[in-house]
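Novice: using only what follows, build the 3D model:
(one chain, ligands or ions: 1)
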Amino acid sequence: MHLTDLIARRNTPFHTYEFFPPRTEAGFVNLLDRIRRLATAPLPPPLAVSITWGAGGSTAERTMELAEQVTRLGLEVILHLTCTNMEKEKVDKALEKARALGIQNVLALRGDPPRSEEYAISPISTPDYFTHADDLVRYIREQHGDYFCIGVAGYPTPHPDSEGPEDDLHWLKIKCDAGADYIITQLFYDVEGFEGWVKTCRKNGIDVPIIPGVMPIQNFASFRRLVNLTQCSVPDSIMTALEPIKSDDAAVKRYGAQLATGMVQRLVSSGLVPGVHFCTLNLEKSVRTILENLGWTPESSNRVQSSPLPRHNQLIE
Ligand code: FAD
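Specialist: Okay, the predicted model is just below:
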């Protein structure tokens, strides 16, 4: 089912999970067990599970294998698909396989070129290749009409390659105009900044659902690495709280779950977003703790509403 239809049927906040395909058979088995546990009562079931795609198709087989297994668990899948350095044939194959598996949701991304390549915003661009995510959105629409519900990435802190917030917003609008149905955002820790960005999106005519990416802090080193990579701003209060506990992984994890719980509570009560997307890093404990803290029960998450939610731009008027 289309993610946007699932969202429209809800009267309570939802969550989705993001997982990446493990490299080994044992890793696969472990991850599937984890996904099964995370989707089972007393935890509320996720609205969908997204599976990442290695840039250039590097994980194509493993991604499709995981997507198939997750579909077999009876869960709705969002298939990530990147387009930089991807021949159209590879994209076609992935979309055909997705259709064969009954997958109707994709997240259309540019992706990043392999690290070894010098990247000066010059991914391969020939008639047989795509350059930006909007090319992929347009292509999927041309080839598959309305079969797929297409998501794109959004950046509350402008993408590192962009010339600034206005430029980034301009291209996000282009992606929506090309046919995107929803946006999943890059992780962030500045909730106030995020809320301002959503309002700016709405003012600029972007009216599809925006699902915030929430990544619970797992340990200090990986948090620092991700913040550097995404260049997202971190409020001083978070750095102050982390400083005295940064070498104690268990304490950082506890703090990360508590912080993410507060972020989710504030995000869903703002009325700006319909739910949240957990970037799990394939880990179980933090999201489990957050969902327990939130008290979202399977019953409350299964209730459907009788009339559709207002468009999101109406919510901020
Ligand atoms: P684009 O939308 O193409 O944007 C990239 C940059 O170019 C931005 O600065 C934008 O402002 C600019 N731009 C956009 N369109 C144009 C245009 N037509 N002309 C000129 N400039 C333009 N990566 C993976 O490899 N695999 C994954 O599974 C994956 N999943 C992700 C999930 C989420 C929720 C997010 C937020 C990111 C994910 N990524 C993934 C990372 C993503 O591929 C990178 O952030 C990548 O650098 C940009 O992808 P994009 O789709 O946002 O690109």
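
Novice: need the outlier residue of this protein, farthest from its centre.
Specialist: Residue distances from the centre of the chain (Cα atoms, centre = their mean) peak at residue 244, which lies 30.8 Å from the mean C-alpha position.

Novice: so who does the most centrally placed residue in the chain touch?
Specialist: With distances taken as Cα atoms, centre = their mean, residue 184 lies nearest the centre of the chain, 4.5 Å away. Taking Cβ atoms under 8 Å, 6 or more residues apart in numbering, we find residue 184 in contact with 16, 50, 107, 151-154, 211, 213, 277. For every residue, glycine as well, the C-beta is placed using N, CA and C.

Novice: burial count for residue 293?
Specialist: Neighbour count of residue 293, defined by other Cβ atoms under 10 Å: 15.

Novice: buried set for the one helix or strand it maps to?
Specialist: Following DSSP states H and E, one finds residue 293 within helix 285-294. Neighbour counts over helix 285-294 (16 or more other Cβ atoms under 10 Å) mark 286-287, 289-291, 294 as buried.

Novice: other SSEs contacting it?
Specialist: helix 249-269 (3 or more Cβ pairs under 8 Å, 6 or more residues apart in numbering; DSSP states H and E).

Novice: off-centre distance for stretch 67-77?
Specialist: Stretch 67-77 sits 17 Å away from the centroid of its parent chain (Cα atoms, centre = their mean, to the nearest Å).

Novice: need the residues that contact that stretch.
Specialist: 1, 3, 6, 19, 28, 32, 35-36, 39, 45-51, 79, 98, 101-103, 105.

Novice: averaged pLDDT, the helix or strand encompassing residue 71. What do you get?
Specialist: Secondary structure from DSSP H and E places residue 71 in helix 60-72. Average pLDDT, helix 60-72: 97.

Novice: quick check: next helix or strand after it?
Specialist: Past helix 60-72, the next helix or strand by DSSP H and E is strand 77-82.

Novice: adjacent strands (with direction) for that following strand?
Specialist: strand 48-51 (parallel), strand 105-109 (parallel) (DSSP bridges).

Novice: could I get those in JSON lines, plus columns for distance to residue 205?
Specialist: Output for the strands paired with strand 77-82, formatted as JSON lines (distance: least, Cβ to Cβ, whole Å):
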{"stretch": "strand 48-51", "distance to residue 205": "26"}
{"stretch": "strand 105-109", "distance to residue 205": "19"}
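
Novice: columns distance to the ligand and mean pLDDT on top of those, output as TSV?
Specialist: Shown next, in TSV, are the strands paired with strand 77-82 (distance: least, Cβ to the nearest ligand atom, whole Å; pLDDT from 0 to 100):
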stretch	distance to the ligand	mean pLDDT
strand 48-51	7	98
strand 105-109	4	98
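
Novice: columns distance to residue 70 and mean neighbour count on top of those, output as a markdown table?
Specialist: Listed next are the strands paired with strand 77-82 as a markdown table, based on distance: least, Cβ to Cβ, whole Å; neighbours: other Cβ atoms under 10 Å:
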| stretch | distance to residue 70 | mean neighbour count |
| --- | --- | --- |
| strand 48-51 | 5 | 26 |
| strand 105-109 | 12 | 26 |
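
Novice: coming back round to it: and the contacts of stretch 67-77, which are buried?
Specialist: For the contacts of stretch 67-77, buried by 16+ other Cβ under 10 Å: 3, 6, 19, 28, 32, 35, 39, 45-51, 79, 98, 101, 103, 105.

Novice: the strands in the stretch 51-200 of the chain, which residues?
Specialist: Along the stretch 51-200 of the chain, counting by DSSP state E, counting those that start in this stretch, strands occupy 77-82, 105-109, 149-154, 182-187.

Novice: do you know which of the ones you listed lies nearest residue 270?
Specialist: strand 182-187 (13.9 Å; Cβ to Cβ).

Novice: so that closest one versus strand 149-154, what angle?
Specialist: 30 degrees (axes from the mean of the first three to the mean of the last three Cα atoms, to 10 degrees).

Novice: show me how far strand 182-187 is from its chain's centre.
Specialist: The answer for strand 182-187 is 5 Å, by Cα atoms, centre = their mean.
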